[in-house]
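Visitor: Build me a structure from this.
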Amino acid sequence: MLLLKSIIKRLASSLVVLLGLTIVIFTLMKAVPGDPARLALGPNVSEEVIEQYRKVNHLDKPIPVQYIYWLTNAIKGDFGISSYTQRAVSQDIKDFAPATIELVIWAGIPPLFFALLLGVISAQHKNKWPDYLTRFLGYIFVATPTFVIAVLFVLIFGYWLPVMPTIGGRLSPQFSITPVTGMYVLDALIGGQFAAAWNAFLHLLFPALALSLGKTMQEARITRASMLQNADKDYITMVTSQGVPKKIINRKFLLKPSVIPTITVMGMDFAALFGNAFLVERIFNWPGLSSYGMNAILNKDSNAVTAVVLIIGLAFVGTSILVDIVAMILDPRMRQARTR
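Guide: Here you go, the predicted model:
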């Protein structure tokens, strides 16, 4: 019951955050120089057509009224027409989002296990070569921007040693996949096209690595620090003095409380992948939502930009709620804190 109350309270606060986000996005896009009607219809359209467009899209109304119309339509899934693609923004999102979702999943979920594994190994071998190696790699990849890692992958494996696909999109031309979810690896596996699934995975590999390497090493360092801090707690000293084997202490008593800070950071890092994917998708020519959003920004496509930013905001909020739920399950003290 306490957990349910905490979740309801978290959902309510998240709705307020999302509402505030829509207000900020909408206001900022209205402050961008340029006539939305002229940008949408082009420079050669008559003033009569422009005025008609403004009336149909409520652009002749005050900004608060425009916001109410926009919010009402957005709740229904209607984000207007993209001036960049000349299609419904909702259709563009449907077409481009699966590529980014697939990239973020591969960049976020598998590294989670590697981060925990590296952090545990580093803590268990404190001041030994596994610990030094993990910390050294952590310093390098945490300090290196994501787009620099992406460029290095393209240069090394795309040009100097052209052994892997780097800027060829999502699939090689000789393969064809019947779309089901829009995520190529999964769709190919569903259709029994294992060669196509492997090819799609190879196209995913370096963009996903570029996105995840810095986050993975940072999370490994957090896991290591948390385990070393908890190892000095009184309850660990007590079970150690009782002769409990070290493996059981690490797995049953030390790991569970130590992963809570890591899981919190992981959740935020996972949501941040949607934003970090902007440059990575451009570098690898990945036809995803972030690349679509970048093109929309460059073309001052307010409808598309607003929708993309809102979706990224939803990803942050949804991931934050999920992380809070997992943390409250792992640590009952957090449930009490959430309901106060």
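
Visitor: now the stretch 201-340 of the chain, which segments are flagged as low pLDDT?
Guide: Scanning the stretch 201-340 of the chain for pLDDT under 70 picks out 330-340.

Visitor: how does the protein divide into domains?
Guide: Using automatic domain parsing, the domain parsing of the chain gives 13-75, 89-339.

Visitor: deepest of the ones you listed, which one?
Guide: Stretch with highest mean neighbour count among the domains of the chain: domain 89-339 (a mean of 18; mean count of other C-beta atoms under 10 Å). For glycine as for every other residue, the C-beta is placed from the backbone atoms N, C-alpha and C.

Visitor: So what's the gap between it and the chain middle?
Guide: 8 Å (C-alpha atoms, centre = their mean, to the nearest Å).

Visitor: Same list (the domains of the chain) but as a markdown table, adding distance to Ser83.
Guide: Below are these laid out as a markdown table (distance: least, C-beta to C-beta, whole Å):
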| stretch | distance to Ser83 |
| --- | --- |
| domain 13-75 | 4 |
| domain 89-339 | 5 |
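
Visitor: Out of those domains, which is closest to Ile7?
Guide: domain 89-339 (6.2 Å; C-beta to C-beta).

Visitor: now the helices: where do they sit in the stretch 51-200 of the chain?
Guide: Applying DSSP state H, counting those that start in this stretch to the stretch 51-200 of the chain gives helices spanning 63-75, 89-124, 129-143, 146-153, 184-190, 194-230.

Visitor: thinking Thr262 is in contact with Glu219, fair?
Guide: Yes. Using C-beta atoms under 8 Å, Thr262 makes contact with Glu219 at a distance of 5.4 Å.

Visitor: what's the overlap in contacts for those two?
Guide: Ala115, Leu116, Gly119 (C-beta atoms under 8 Å, 6 or more residues apart in numbering).

Visitor: show me what contacts the first one?
Guide: The neighbourhood of Ala115, defined by C-beta under 8 Å, 6+ apart, consists of Lys215, Thr216, Met217, Glu219, Ala220, Thr223, Thr262, Met266.

Visitor: Please apply the same query to the last one.
Guide: For Gly119, the residues meeting the contact criterion (C-beta under 8 Å, 6+ apart) are Thr134, Glu219, Ala220, Arg221, Ile222, Thr223, Arg224, Ser226, Met227, Thr262.

Visitor: likewise the second one?
Guide: Counting by C-beta under 8 Å, 6+ apart, Leu116 makes contact with Glu219, Ala220, Thr223, Val259, Thr262.

Visitor: how about 7 Å then?
Guide: Contact analysis of Leu116 by C-beta atoms under 7 Å, 6 or more residues apart in numbering lists Thr223, Val259, Thr262.

Visitor: Just put these in CSV and tack on distance to Ala196.
Guide: Putting the contacts of Leu116 into CSV (distance: C-beta to C-beta, whole Å) gives the following:
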residue, distance to Ala196
Thr223, 36
Val259, 36
Thr262, 35
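
Visitor: Next one: the closest residue to Arg54 other than its chain neighbours from Gln52, what distance?
Guide: Using C-beta to C-beta, 6 or more residues apart in numbering and skipping the chain neighbours, the partner closest in space to Arg54 is Asp60 (4.7 Å). In this view, Asp60 and Gln52 are 10 Å apart by C-beta to C-beta, to the nearest Å.
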